[in-house]
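Peer 1: this one's sequence-less:
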Ligand code: ARG
Ligand code: ZN
């Protein structure tokens, strides 16, 4: 069905629901094609709503079977029903019970929203608006209900039956092959947190005792035969629970905490109360099948979903405009958790790389929106890098501004004052205002307008006075002409030729932070013995772009002497980026490249073996998309690719002896057991970064080393790293290694996803044809979101030269996939479309090709609202 102009929902139109639903009793009789759902809803007029208003329950594709009010069948004249709504024009003006029976076909549910079957397992996904695909309901986050759920299924087909909350009863149904279980969740929750699971699953469990003394059983459920692969996720659950107690004082509040891995899932995972449901990619791990990056992602996402129990579930969102209230805050919390589990500097660099790769381009393109959007046509299109990652940066800036102690106190206040409610961003900020006595209304501007602020900085040294002045000027591209300044915490320090200038001070600094809250401001340091190099935005203290003219030599001073790990890394990135953009403009950069290589060499000698994870990040030059984002207009991805390849080759040549020595020094002793811990992962990362640069300089030697590594690797990290290096080197060894890999992992879909992705990212002319061929591979399936993302998503989002081919062949491939997928799974189709988000920044020929692809999509009849929304906004 084509929705011509999708209705727009606006924040300013919010009003409370006219009715509330206090209790929900669900009876779900599972069947592959004919599931019956009976919902008994205890409804009453909302005192805060309009008296006498009609009751309008949301539905989506629903089939009503029976309807009763207080136990009596309702006369046809008393209600109106459609697949999308059930209306009682004149509901009782008192509490009443509505009993609704609907029938569903979970097998036919290819949208993977609501109740569906994945590999024979029944599961649900209700956020943002999937519950209305199960029964008619007030499907909005500010209607909180206590749920009791009875789940029934054929015992052999679904021996495991799981619901929200605690299990209160289970048993066989006499005289049938069916059984049931009944779950009760005492915590009132919005419908988007409802979940159930039924299937044949193996499990791994562990006991946990909370700081309040509650005994909790933790369990991770996975496909039969894969229980050992759940061990890492299970341990991550326990570590997350402990950490949230220690760092935020938050304890778990049910007797069981269940995690279920399913293989068909639209996103990463979902925080349903007491029953988190995961994309199996973020649960299953073994050394043979998972990389270090997979382990880190599992740890982070397990933590993220668990942390939602407080930031999202106990305190939920009043409306979907407040999505960042739970998502930005919870990303911040999971980032802090990972930083405590791993290396803080290394993790921070990873966070910023993600932000710059995904959020900065989004914020600079047609899909830009405020962290708290003001309107939407399709809410599922707003689970974005802006809401999540920029949302997390806002929380981080708040902590930087008020300090750690006040931040923790404010969080405690937020949790206790809003527990059990559906809150807004204002409630969040108010808790910190109350705690600090500070007015945060200026700070709140970060939520209101799109665009990445720019801060121009210039430094002025006064030899006679021994002072150093920094002049700051902020602008807000994309935020509108009337946009007020934002409050920008600038953490900074000064570095001299020999190290930090600790004697230099400024009364304008508090704990090393300068607050830039005006369009222009200056900061003066005293006691500065010689012209310093400023280390600005330490730890990336604000999500802004910084413009400061600085010599490579000064930046290399920072690489050497800065006490801030993030800025040491950033210094090397800036030098590399300048060399590459300089080469693109035709400047001679050889001398600069050699000086950079010398500095990198000294850095490696100094620190590579003491902090390999950090050194690996220094060696990873800015990506092609980083450079595109920096250049910002008239982008030619082929030219960027060549400039980057040339610099990598030059560095690889200059550092060759050191890179080989590092590979030897970091080799894992034969027979050493695999450990996914951060230190071991860091050694593998540096070793593989060295391999990659060696291959960039010397493809023949690189191919030999990479091929040998693929053949002899004892874990997926090394095997895949070898294969990724080899993938950039055309020829028979590459094809043979790819074929052997496919054979070895023929029965491991998650590993084949890596194989699809590697091939989709090959920066060569033949890749479009290769991807088309792989779409016909028996292991590929358009019905599985992980397969689509691995093959077509990697192509469209991570292969800049081939997706953006000047002849439009890359856009055509993506377009065809989007249109085919839109018929079955609009959410995943819409997500794939975001690959077009930076089309306006391309050079004219590619821009024209992208535009016509977008127009072709938008002109297609029968488009989903999800895809129509993205296509429309991309062109708008
Ligand atoms: N709340 C989930 C999480 O971030 C994600 C749900 C995404 N839902 C969606 N419709 N896109 O943990
Ligand atoms: Zn989340």
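Peer 2: Structure received. What you see is a predicted model, and the numbers here were worked out from it, not measured in a lab. Numbering: from 1, shown residues only. Ligands and ions are numbered 1, 2, ... in the order given.
Peer 1: any chance you could map the helices in the stretch 701-850 of the chain?
Peer 2: With DSSP state H, counting those that start in this stretch as the criterion, the stretch 701-850 of the chain has helices at 716-727, 732-744, 749-760, 767-775, 785-788, 794-798, 800-803, 809-822, 826-833, 844-858.
Peer 1: So what's the residue count around the residue nearest to residue 750 when sequence neighbours are not counted?
Peer 2: Leaving aside its chain neighbours, residue 750 sits nearest to residue 281 (5.6 Å; criterion: Cβ to Cβ, 6 or more residues apart in numbering). Just so you know, the C-beta spots here come from the backbone N, C-alpha and C atoms, and that holds for glycine as well. For residue 281, the count of nearby residues is 24 (other Cβ atoms under 10 Å).
Peer 1: any idea how far residue 281 is from residue 294?
Peer 2: In this view, residue 281 and residue 294 are 8 Å apart by Cβ to Cβ, to the nearest Å.
Peer 1: ditto for residue 648
Peer 2: 25 Å.
Peer 1: go on, residue 321?
Peer 2: Taken as Cβ to Cβ, the span from residue 321 to residue 294 is 34 Å.
Peer 1: More neighbours: which of these two?
Peer 2: A side-by-side neighbour count of residue 321 and residue 294, using other Cβ under 10 Å, places residue 321 first with 25 against 22.
Peer 1: Would you enumerate the residues in contact with that one?
Peer 2: 11, 14, 372-374, 376 (Cβ atoms under 8 Å, 6 or more residues apart in numbering).
Peer 1: same question, residue 127
Peer 2: Residue 127 neighbours (Cβ under 8 Å, 6+ apart): 192-193, 270.
Peer 1: Enumerate the beta-bridge partners assigned to the residue of the stretch 401-550 of the chain found nearest ligand 1.
Peer 2: Closest residue of the stretch 401-550 of the chain to ligand 1, Cβ to the nearest ligand atom: residue 422 (15.0 Å). Beta-bridge partners for residue 422, by DSSP bridges, are residue 316.
Peer 1: wait, it sits on residue 144?
Peer 2: Yes: Residue 422 is in contact with residue 144 according to Cβ atoms under 8 Å; the separation is 6.6 Å.
Peer 1: Could you find the closest non-adjacent residue to residue 265?
Peer 2: Closest to residue 265 by Cβ to Cβ, 6+ apart is residue 279, at 3.9 Å.
Peer 1: how about the one you found, phi and psi?
Peer 2: When quoted as degrees, to the nearest 10, the phi and psi of residue 279 stand at phi -60, psi 130.
Peer 1: and it, what does it touch?
Peer 2: Counted by Cβ under 8 Å, 6+ apart, residue 279 has contacts 261-263, 265, 267-269, 785-786.
Peer 1: mind giving me the domain split of this protein?
Peer 2: Per the TED database, the structural domains of the chain span 19-308, 315-447, 454-542, 565-875.
Peer 1: Show me where the stretch 201-350 of the chain has its helices.
Peer 2: So, for the stretch 201-350 of the chain - with DSSP H, counting those that start in this stretch - the helices run 231-248, 292-307, 323-341, 344-354.
Peer 1: and the contacts of residue 279, which of them are in strands?
Peer 2: Mapping the contacts of residue 279 onto strands (DSSP state E) picks out 261-262, 269.
Peer 1: got the residues you listed as JSON lines, with distance to residue 852, neighbour count and pLDDT columns?
Peer 2: Listed next are the ones in strands among the contacts of residue 279 as JSON lines, based on distance: Cβ to Cβ, whole Å; neighbours: other Cβ atoms under 10 Å; pLDDT from 0 to 100:
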{"residue": "261", "distance to residue 852": "41", "neighbour count": "27", "pLDDT": "98"}
{"residue": "262", "distance to residue 852": "38", "neighbour count": "26", "pLDDT": "98"}
{"residue": "269", "distance to residue 852": "37", "neighbour count": "24", "pLDDT": "99"}
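Peer 1: May I have the distance across stretch 417-427, first residue to last?
Peer 2: Distance between the two ends of stretch 417-427: 9 Å, counting by Cα to Cα, to the nearest Å.
Peer 1: hmm, back to that, so which of the helices of the stretch 701-850 of the chain is nearest residue 40?
Peer 2: With Cβ to Cβ, the closest approach to residue 40 among the helices of the stretch 701-850 of the chain belongs to helix 826-833: 30.2 Å.
Peer 1: From the contact counts, what lies against the closest one?
Peer 2: Packing partners of helix 826-833 (3 or more Cβ pairs under 8 Å, 6 or more residues apart in numbering; DSSP states H and E): helix 785-788, helix 809-822, helix 865-875.
Peer 1: quick one: common contacting residues for residue 422 and residue 144?
Peer 2: With Cβ under 8 Å, 6+ apart as the test, residue 422 and residue 144 both reach 190, 316.
Peer 1: Comparing those two, which shows the higher neighbour count?
Peer 2: residue 422 (22 against 18).
Peer 1: re earlier: how about the domains of the chain in JSON lines, adding distance to residue 558?
Peer 2: Output for the domains of the chain, formatted as JSON lines (distance: least, Cβ to Cβ, whole Å):
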{"stretch": "domain 19-308", "distance to residue 558": "27"}
{"stretch": "domain 315-447", "distance to residue 558": "14"}
{"stretch": "domain 454-542", "distance to residue 558": "6"}
{"stretch": "domain 565-875", "distance to residue 558": "4"}
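Peer 1: one step back: out of the contacts of residue 279, who's near ligand 1?
Peer 2: 267, 269 (Cβ under 6 Å from any ligand atom).
Peer 1: Could I get the contacts of residue 279 in JSON lines, plus columns for distance to ligand 2?
Peer 2: JSON lines is the format used below for the contacts of residue 279 (distance: Cβ to the ion, whole Å):
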{"residue": "261", "distance to ligand 2": "17"}
{"residue": "262", "distance to ligand 2": "17"}
{"residue": "263", "distance to ligand 2": "20"}
{"residue": "265", "distance to ligand 2": "14"}
{"residue": "267", "distance to ligand 2": "9"}
{"residue": "268", "distance to ligand 2": "8"}
{"residue": "269", "distance to ligand 2": "8"}
{"residue": "785", "distance to ligand 2": "17"}
{"residue": "786", "distance to ligand 2": "19"}
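Peer 1: Just give me the closest of the contacts of residue 279 to residue 458.
Peer 2: residue 268 (42.3 Å).
Peer 1: wait, that closest one sits on residue 301?
Peer 2: Yes: between residue 268 and residue 301 there is a contact under Cβ under 8 Å: 5.3 Å.
Peer 1: For these two, indicate the residue with more neighbours.
Peer 2: Per other Cβ under 10 Å, whichever of residue 268 and residue 301 has more neighbours is residue 301, with 21 against 15.
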